[in-house]
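Student: Return atomic coordinates for the entry below.
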Amino acid sequence: MKFNCSRILFLFLSLVCFSTSLTFVSCNDNAEKRDAENMKDAKKKEIIFENINKGWNFSNPRLVPASQSIVNKWNEWRQFVEELNLKPKSSIGAFQKKAKTLSKKVSDLNNTIPAPFNKPEIKSRISVLTTKINAINLFINLDDIPDQKVVTLVSEINQEMLSLTQQMDEIIRKNAIPKEEGESDMIRMLDTSRAIPSVKKDKILP
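Tutor: Take a look at the predicted model:
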């Protein structure tokens, strides 16, 4: 009886030790898996940051002096261009903050366009520019950032900036062309908003 009890106790302790050993091994495996996943995630974020940092290069097309003199007085434009030219460097968080700021600055442009540029062709280009910058702000704040889409949008925004500034210069160029004699009168005559409404004469009853 004494032998049986000792044997049972031995078996019980062996099972406890074995179970503890399995638990310890399992915990180690889980910890190693977590460490491996964390390293993989950190490496992925590092690659995303490097790709965005490399591709985040906005251009600032030159304007002709007459256009530049107008935008120099356009505070919202100057602030937007300044933000566009200041590149973040420290982290993805810095790029996210920059994208949010740019989204706010570009949204102010359409409400403050100077009179010479307050035309449909300028407004439409600003709207396209706003859409693309808002898209960057959306993508760069996702948990899984599509870095290639962000870089592609940067390139597209550069194209929109070029198109917008070229349109500004085109407006200035057209305004500088002297009108032929009588052309201004003809334009006024064709302006339906300035036309004198016709008055119907009352019919004379017989």
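Student: low-scoring pLDDT stretches of this protein, where are they?
Tutor: For the chain, the stretches with pLDDT under 70 are 1-29, 179-206.
Student: could you show me where the helices are in it, in order?
Tutor: Per DSSP state H, the chain carries helices over the ranges 2-55, 65-71, 75-85, 92-107, 120-139, 147-176, 183-190.
Student: which stretch among those helices comes nearest I113?
Tutor: Closest approach to I113 among these (CB to CB): helix 120-139, 6.2 Å. In short, each C-beta sits where N, CA and C put it, glycine included.
Student: Run through who's touching that closest one.
Tutor: Residues from elsewhere that reach helix 120-139 (CB atoms under 8 Å, 6 or more residues apart in numbering): 99-100, 102-103, 106-107, 109-110, 113, 145-146, 149-150, 153-154, 156-157, 160-161, 163-164, 167-168, 171.
Student: What of stretch 84-103?
Tutor: Contacts for stretch 84-103 (CB under 8 Å, 6+ apart): 45, 48-49, 52-53, 56-58, 60, 80, 83, 133-134, 136-137, 140-141, 145, 161.
Student: for that stretch, which positions count as buried?
Tutor: By neighbour count with 16 or more other CB atoms under 10 Å, stretch 84-103 contains the buried residues L84, P88, I92, F95, Q96, K98, A99, T101, L102, S103.
Student: Could you work out the most separated pair of those?
Tutor: Greatest spatial distance among these (CB to CB): L84 and I92, at 18.6 Å.
Student: In ChimeraX, how would I select just the buried ones from the contacts of stretch 84-103?
Tutor: To isolate the buried ones among the contacts of stretch 84-103 in ChimeraX, judged by 16+ other CB under 10 Å, type:
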select :48,49,52,53,56,58,80,133,134,136,137,140,145,161
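Student: Grab the nearest non-local neighbour of K73.
Tutor: Distances taken as CB to CB, 6 or more residues apart in numbering place P114 nearest to K73, at 7.0 Å, with adjacent residues excluded.
Student: what about that neighbour, distance to I52?
Tutor: Distance, P114 to I52, by CB to CB, to the nearest Å: 33 Å.
Student: likewise A94?
Tutor: 10 Å.
Student: again, but for S59
Tutor: Distance from S59 to I52, by CB to CB: 17 Å.
Student: Also D147?
Tutor: Taking CB to CB as the measure, D147 falls 5 Å from I52.
Student: and if you look at R125?
Tutor: R125 sits at a distance of 25 Å from I52 (criterion: CB to CB).
Student: follow-up on the earlier one: would you mind listing which of the contacts of helix 120-139 are buried?
Tutor: Counted by 16+ other CB under 10 Å, the contacts of helix 120-139 give 99, 102-103, 106, 109-110, 113, 145, 150, 153-154, 157, 160-161, 164, 167-168, 171 as buried.
Student: residues in contact with the closest residue to N51 other than its chain neighbours?
Tutor: Leaving out its chain neighbours, the residue that sits closest to N51 by CB to CB, 6+ apart is D147, at 4.3 Å. Contact analysis of D147 by CB under 8 Å, 6+ apart lists I47, I48, N51, I52, G55.
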